[in-house]
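**Q** Could you look at this predicted model? Sequence included:
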Amino acid sequence: MQNWPITGVSTGLGRAFAQSALTAGHTGLGTVRSQEDLRAFEHRKPGSAHGRILDVTDENAVSTVITETENGIGPLDVVVANAGYGVEGTFEETPLTEVRRQFEVNVFGAVATLRAALPHRRRRRRGHLIAVTSMGGLVAFPGMSAYCGSKFALEGILDALGKEVAQFGIHVTAIEPGSFRTDWAGRSMSRAARTIDDYDELFDPIRERRRKASGNQLGDPAKAGDAVVHITAAEQPPTRLALGSDALRLVAAARTAVDEEIRAWETLSRTTDFPDGAQL
């Protein structure tokens, strides 16, 4: 049996991750935003599901919850920084306040969670730190600059973190979901107001397709939860796990495009070196 703190378990993939962990016999510490959601979570499996009300943008509160869980419930085995949301809007139309809030939750909320858990894991020389990014952390979509920017940032942080803590026996995994049948593209998404007609032709169809697809996405959240539980049992879990065939397809295409462009401009790129410069 393992102890699993998971942020944002009231809906979506967070709920699915928690349910799969509880079904597998683990203890779940789920963070929520309301007393009603807390009662609903603990009702799933009394004695094994422990709820806490938490705003992940409150660093001190995050640290307190993690420390109290470590001391009260037991050593944290798998920590899942899942809490997040999406901001939809073209770059020019999205207010800077919305961009800042997107990063506060998606990046700094995840960082606060993992930082709070890391000292305990480092002392014990074991553990698995997981954060939910997105296929939008490896491929960018028009009209999602704030969201993709936050997920690209989190991908970089996790990649560096994994290289730092591998020496302590700690695993780090970025979970990169494609489109899943959750509320993410529906009521959970913040949509910037349309103010610039020049973007109508590009963006209006994108926004409409996303609205229509909500509730009919390809991915099954329950299967995503099972997949995350599965990798935590692996001796060498992946540093990245794309979830969904759409994520596999779109990420592969994006990576191919980057590789092709780098090769196309390789000659010019090499002209900026000092002849006797040191190689990293």
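**A** That came through, no problem.
**Q** Do you have the helices of this structure handy? List them.
**A** Using DSSP state H, the helices of the chain run over 12-23, 35-44, 59-72, 96-103, 110-124, 145-165, 200-213, 221-232, 245-264, 266-270.
**Q** what about the first one, distance to the chain center?
**A** I take that to be helix 12-23. Its chain's average C-alpha position is 14 Å from that of helix 12-23, according to C-alpha atoms, centre = their mean, to the nearest Å.
**Q** so what does that helix touch, helix or strand wise?
**A** strand 3-7, strand 27-32, helix 35-44, strand 78-81, helix 221-232 (3 or more C-beta pairs under 8 Å, 6 or more residues apart in numbering; DSSP states H and E). Every residue, glycine included, has its C-beta placed from N, CA and C.
**Q** so can I have CSV of those showing mean neighbour count and distance to residue 153?
**A** Output for the helices and strands packed on helix 12-23, formatted as CSV (neighbours: other C-beta atoms under 10 Å; distance: least, C-beta to C-beta, whole Å):
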stretch, mean neighbour count, distance to residue 153
strand 3-7, 26, 17
strand 27-32, 27, 21
helix 35-44, 16, 27
strand 78-81, 28, 13
helix 221-232, 19, 21
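**Q** Dump the ones you listed to JSON lines, plus distance to residue 163 and mean pLDDT.
**A** As requested, those are exported to JSON lines (distance: least, C-beta to C-beta, whole Å; pLDDT from 0 to 100):
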{"stretch": "strand 3-7", "distance to residue 163": "23", "mean pLDDT": "96"}
{"stretch": "strand 27-32", "distance to residue 163": "27", "mean pLDDT": "96"}
{"stretch": "helix 35-44", "distance to residue 163": "34", "mean pLDDT": "96"}
{"stretch": "strand 78-81", "distance to residue 163": "18", "mean pLDDT": "98"}
{"stretch": "helix 221-232", "distance to residue 163": "18", "mean pLDDT": "97"}
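**Q** Residue 121: which of those is closest?
**A** Closest to residue 121 of these is strand 78-81 (C-beta to C-beta; 7.7 Å).
**Q** elements contacting that closest one?
**A** Judged by 3+ C-beta pairs under 8 Å, 6+ apart, the packing partners of strand 78-81 are strand 3-7, helix 12-23, helix 110-124, strand 127-132.
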